[in-house]
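> return a 3D structure for these sequence lines:
(one chain, ligands or ions: 1)
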Amino acid sequence: MRRLSIGLRLTLWYLTIFALAQLAFGGGMWFLLRHHLYELVDNGLKGQMEDLENCMAVQEKDATITKLQEEVSEVYLQEHSGDYLELYADNGALIYRSAFLQTHPVKLSAESGNRPVFEDLSIAGRAFRFTRQTLEANDHVFTATTGVPTQDVVETLALFRSYLLMFAPFVLLVAAGGGYWLSRRALAPVDALVRTARDIGGSNLNSRLQKLDTGDELQRLSDTLNEMLQRIEGAFLRVTEFTADASHELRTPISLIRTEAELALRRSRKETEYRESLHHILLEAERTSRLIEQLLALARADSGREALQMRAVDLCHTLHDIAESWQQLASVRNLEFSRSIDGSDSFVLGDETLLRRLTDILLDNAFKYTPSPGSVHLSFEQRGNNAVIAVQDSGVGIAEEDQSRIFERFYRVDKARSRALGGTGLGLSIAQWIVVQHRGSIAVESRPGRGAIFRVELPLIAAAMHHTLPA
Ligand code: ADP
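Numbers count the residues shown, from 1 in each chain. From the prediction side, this is the model:
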C-alpha cells in the first residue's frame, strides 16, 4: 500500500490532536456546567430541608400528627411551595404529601440511611431532582422527601451539547485546512529540492540543489545533499578520467602490435626479420597483459571486491624470499643488489600475496630507474611498533614537484622512459592502495640524479598475538 505523503500525514496528526483537544475541552466544559447547575439545584434542596428541620424543631415534643400537619401547612408552606414534599414521622405516619406526589408517587432507589440522597427522576416526561433526608428535631426523626423540576437544567445542558456538536465540524474543518496549509508551507522547500534533484543525472552532476537559508533541518539537508553531490561528482570525474586514460594506454601497445605485424606482412622478409618483429609483438603483448592485470587490480580495489586474506606474515622471511628472486635480475642488469633484513618476531597482519606485490613494485621501479652501473638496496628494520621496509636505489631520482604526484594513476615523470622500460604508470597507485589496506604509510625521499628511497611503514603485531592468528 502506498504511504500517504508527509504533508497529508502531518495534517491528519494535527487534525487528530486538535479533535482530541476539542473533545477534552468541550467535554470538560459540559461537565463543569453540569456540576455547577446541579450544585445550585442541590443547594436549593438542602435549603428547603434545613427550613423544614427548623420548622419541626420549634414544635412541641409531644405534638400530635394532626398538629404537625397543621404546622407544616401554616408555617412551612407559607414560604415554600411544597409542591413535591413528602414528610413522615418516626413512627411511619404521614405528616404531609403534596398533591403532585399523591398522583405521582416517587420511590428513590438508593437507601438513604442517615445520609441525604439525591436522585434524578423523569416523571410524566419531565425531569426532576429529588432528595430524601432524615431530619432530627425534638428527639424525633422525620423522613422528608422533596424535589424540584430540573427540566431547565436538562434543556440547558442539551443545548450546550448540541452547540458543541454543531460547531465541532466547522472547527475541525478549519483546523484541517490550517494544518494542511501549514504543512505545505513547511514542506514547500522539500518539493523544490525534489524537483531539482530529479533533474540531476550523469551529464549534469555539476548542478547543485537550491541553497536554502532557512537555518533549520531543511537547510542542513540541502547542504548535506550538495556536499554529497560534490563527492559523487569528484568520484565520477575520477572514474571518467581513469577510463579515458586506460583506453589511451591500451590503444598505444595495440596500435604498435598492429603496425609491427602490418609492416612484417607487407613484403616477404628474412627469418631473422620475422623473428625480430615477433619479438617486438611479444614484448608489447606482455606489456598489454601487465597493464590489463594492473587495471583489473585497481578496478577490484575500487569496487571493494578484492578480498584480503589477512593472516600473520613473517616479514623478514618473506623479504628474504623476495630478494632471492631479484638477485639474478640484478646480475643480468649489472646492478649491485644488497639487503639488510634484521629482526626477529617481525610479524604483521596482512595479505602475503599483496605484501609481496608491494615489494615487487618498489624493487621493479628501483631496477627500472637505475641505470647500470648502480645499486639497489632492500632493508628492513623495526621502529617502535612499526616494521619499516625501505627500497633505496642510486638511479635517476625524482624531482621534488613530482614526488607528491607519482602515486597518482598513470602519472609518470618521464613518459617515454617509463614506456621504454615497460612501465604502466599504475605500479605506485597499487602499492599505495596495498599500504592503506594494511593501515600503513608510504613515503618517498629523493633528489634528481641522486637516487630514491621508498619507505613503507606497517604496524607490527605483538609476538604473543601472532600465535593465535592463522598462519
Ligand atoms: P611506472 O610503471 O611508470 O613505473 P609507477 O606508478 O610505478 O609507474 O611509478 C610512477 C612514476 O614514478 C614512474 O613513471 C617514475 O617516473 C617514477 N618513479 C617510481 N619509482 C622510481 C624510482 N625508484 N626512481 C625514479 N623514479 C621513479
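> ok, which stretches of this structure are helices?
For the chain, applying DSSP state H gives helices covering 6-57, 65-71, 77-79, 99-103, 151-199, 217-266, 271-303, 315-333, 352-368, 400-403, 415-420, 427-437, 463-466.
> by contact count, what packs against the longest one?
Read that as helix 6-57. strand 126-137, strand 140-149, helix 151-199 (3 or more CB pairs under 8 Å, 6 or more residues apart in numbering; DSSP states H and E). Where you see a C-beta, it was placed from the backbone N, CA and C, and this is true even at glycine.
> state the pLDDT value of the residue of the stretch 1-150 of the chain found nearest the ligand.
For the stretch 1-150 of the chain, the residue closest to the ligand is Ile6, as judged by CB to the nearest ligand atom, at 51.2 Å. Looking at Ile6, its pLDDT reads 82.
> how near is Ile461 to Thr318?
Between Ile461 and Thr318 the computed distance is 14 Å (CB to CB, to the nearest Å).
> try Cys55
Cys55 is 119 Å from Thr318, by CB to CB.
> ok, the residue positioned nearest the centre of the chain to the ligand distance?
Closest residue to the average C-alpha location of the chain: Leu221 at 12.5 Å, with CA atoms, centre = their mean. Distance of Leu221 to the ligand, given as CB to the nearest ligand atom, to the nearest Å: 41 Å.
> what's around the closest residue to that residue other than its chain neighbours, how many residues?
Leaving aside its chain neighbours, Leu221 sits nearest to Leu193 (7.2 Å; criterion: CB to CB, 6 or more residues apart in numbering). The local packing of Leu193 (other CB atoms under 10 Å) involves 19 other residues.
> burial measure for the closest residue to Leu308 other than its chain neighbours, as a count.
In space, and not counting its chain neighbours, Leu308 is closest to Asp351: 4.5 Å by CB to CB, 6+ apart. By the measure other CB under 10 Å, the count of residues near Asp351 is 19.
> distance check, Asp351 against Glu306.
9 Å.
> confidence score at the closest residue to the ligand within the stretch 101-250 of the chain?
For the stretch 101-250 of the chain and the ligand, the shortest gap (CB to the nearest ligand atom) falls at Glu249, measuring 10.3 Å. Looking at Glu249, its pLDDT stands at 85.
> these two touch, right, it and Ser418?
No: Glu249 is beyond contact range of Ser418, at 11.0 Å (criterion: CB atoms under 8 Å).
> what parts of the stretch 301-450 of the chain come near the ligand?
Contact residues, the stretch 301-450 of the chain versus the ligand (CB under 6 Å from any ligand atom): 365-366, 369, 393, 395-398, 406, 411-414, 418, 423-429.
> follow-up on the earlier one: quick check: neighbours shared by Glu249 and Ser418?
424-425 (CB atoms under 8 Å, 6 or more residues apart in numbering).
> dump the helices and strands packed on helix 6-57 to CSV, plus mean pLDDT and distance to the ligand.
Shown next, in CSV, are those (pLDDT from 0 to 100; distance: least, CB to the nearest ligand atom, whole Å):
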stretch, mean pLDDT, distance to the ligand
strand 126-137, 91, 101
strand 140-149, 91, 106
helix 151-199, 89, 38
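> let's have these in CSV, adding distance to Ala323.
Below are the helices and strands packed on helix 6-57 laid out as CSV (distance: least, CB to CB, whole Å):
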stretch, distance to Ala323
strand 126-137, 111
strand 140-149, 116
helix 151-199, 56
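> tell me which of the ones you listed lies nearest to His35.
helix 151-199 (10.7 Å; CB to CB).
> on that earlier part again, quick check, pLDDT for the residue nearest to the centre of the chain.
87.
> so it touches Ala197, yeah?
No: under the criterion of CB under 8 Å, Leu221 makes no contact with Ala197, lying 10.8 Å away.
> nearest spatial neighbour of whichever residue of the stretch 151-300 of the chain sits closest to the ligand, chain-adjacent residues omitted?
Proximity of the stretch 151-300 of the chain to the ligand (CB to the nearest ligand atom) peaks at Gln294, 8.3 Å away. Nearest residue to Gln294 in three dimensions, chain neighbours excluded: Leu426, at 4.2 Å (CB to CB, 6+ apart).
> for Phe337, same thing?
With sequence-adjacent residues excluded and distances taken as CB to CB, 6+ apart, Phe337 is closest to Ala330, at 3.5 Å.
> confidence score at that neighbour?
You'll see Ala330 listed with a pLDDT of 91.
> Arg258 too?
94.
> try the one 3 residues further on
At Ala261 the predicted local distance difference test score is 94.
> now do it: how many residues are near it, please.
14.
> count the neighbours of the closest residue to it other than its chain neighbours for me.
Computed as CB to CB, 6+ apart, the closest residue to Ala261 that is not its neighbour in sequence is Ile281, at 6.4 Å. Ile281 sits with 18 neighbouring residues when counted by other CB under 10 Å.
> how much space between Ile281 and His320?
37 Å.
> tell me the spacing between the residue of the stretch 151-300 of the chain closest to the ligand and Ile257.
For Gln294, the distance to Ile257 - CB to CB - is 18 Å.
> do Asp120 as well
Distance from Asp120 to Ile257, by CB to CB: 109 Å.
> more neighbours, these two?
Shown here are Asp120 and Ile257; by other CB under 10 Å, Ile257 has more neighbours (18 against 14).
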